[in-house]
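Asker: Quick one, structure for this:
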Amino acid sequence: MQSGHRFEYSTFPQTLEELELEHKREAMELARICDKEEDDENYKHREVLKLSQYFSKCFKIVTSRFMFHLLNIILVSEHVCN
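Answerer: Numbers count the residues shown, from 1 in each chain. Down below sits the predicted model:
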């Protein structure tokens with residue numbers, strides 16, 4: 001996990017309760033960062049999927065039009081030859 005976040009460490013002595021609270025805050029911040037990074041990654045995957053579906057649809061349209069024109073050319077050439 002790469003992020004630009006850093007935690008500051010106190011040079012003052014801390015009580016056990018303060019250390020525990022600091023640990024919980026850091027854990028919550030790390031969880032928030034991980035969730036955001038995962039959300040960003042999921043968004044990218046959804047966008048790639050949308051593009052893939054779009055291009056697949058375009059390919060089907062182009063292919064069907066090509067086949068339609070090819071069939072017309074064949075029919076016209078058969079008609080001309082006969």
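Asker: roughly how far out does whichever helix or strand Glu26 is part of sit from the chain middle?
Answerer: Using DSSP states H and E, Glu26 falls within helix 16-81. Taking CA atoms, centre = their mean, to the nearest Å, the mean C-alpha location of helix 16-81 is offset from the chain mean by 6 Å.
Asker: Met28 and Asp40, how far apart?
Answerer: 19 Å (CB to CB, to the nearest Å). (C-beta placed from N, C-alpha, C; glycine too.)
Asker: Phe59 now?
Answerer: 29 Å.
Asker: quick revisit: if you average pLDDT over the helix holding Glu26, what comes out?
Answerer: The pLDDT scores in helix 16-81 average 93.
Asker: could you say what helices and strands that helix packs with?
Answerer: Using 3 or more CB pairs under 8 Å, 6 or more residues apart in numbering; DSSP states H and E, no helix or strand is in contact with helix 16-81.
Asker: Can you give me the neighbour number for Ile33?
Answerer: 14 (other CB atoms under 10 Å).
Asker: what's the spacing between it and Leu19?
Answerer: 21 Å.
Asker: And for Met67?
Answerer: When distance is defined by CB to CB, Met67 is 71 Å away from Leu19.
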